[in-house]
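Asker: Sequence first, predicted model second:
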Amino acid sequence: MKKLLSIIAVAAVAMGALVLPALPVSAAVNCVGVNCLTAVNNIAPSNTNLETGIKNIINGVIYILGFIAVAVVIYGGVQYTLSAGAADKVKNAKNTILYGIIGLIVAVLAFAIVNFVVTALL
């Protein structure tokens, strides 16, 4: 059990490194004449970039939690299949599946709430 959880944790961290986007980086502007001041003001960082970056990071974490919840449901299914009818193993497998589904529901609701709140703030 501990070995499976450690494998899931390593997979989640590796997936997180791929899923989490970087904050946007402003590019240098070559400007000549009167338009130079306007161009420099347009590349200044704004709060929307920060809010979008925070939203992306939170969504990435929620994606990872959803992935872990699905992995727990699959693990519970494997436990249920391998229980061979033993009452305690079947009960343990059903609880694992139930908790995985609850975790998945929480992750989906958290994703919806974060997107709603951030959209309302922008």
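Answerer: Good, I have the coordinates. Numbering: from 1, shown residues only.

Asker: pLDDT at Asn59, what is it?
Answerer: Asn59 carries a pLDDT value of 84.

Asker: just Leu50 next, same as before
Answerer: 76.

Asker: if I pick Ala93, what's in contact with it?
Answerer: Contact partners of Ala93, counting by C-beta atoms under 8 Å, 6 or more residues apart in numbering, are 76-77, 79-80, 83. Placement of C-beta: from N, CA and C, glycine included.

Asker: Tell me the one among the residues you listed nearest to Leu121.
Answerer: Nearest to Leu121 among the contacts of Ala93 is Gly76, at 37.5 Å by C-beta to C-beta.

Asker: what number of residues lie near that closest one?
Answerer: Gly76 has 20 neighbours, counted by other C-beta atoms under 10 Å.

Asker: which strands and helices sit next to the helix or strand that contains Ala69?
Answerer: According to DSSP states H and E, Ala69 maps onto helix 47-82. With contacts defined as 3 or more C-beta pairs under 8 Å, 6 or more residues apart in numbering; DSSP states H and E, the packing partners of helix 47-82 are helix 2-19, helix 87-121.
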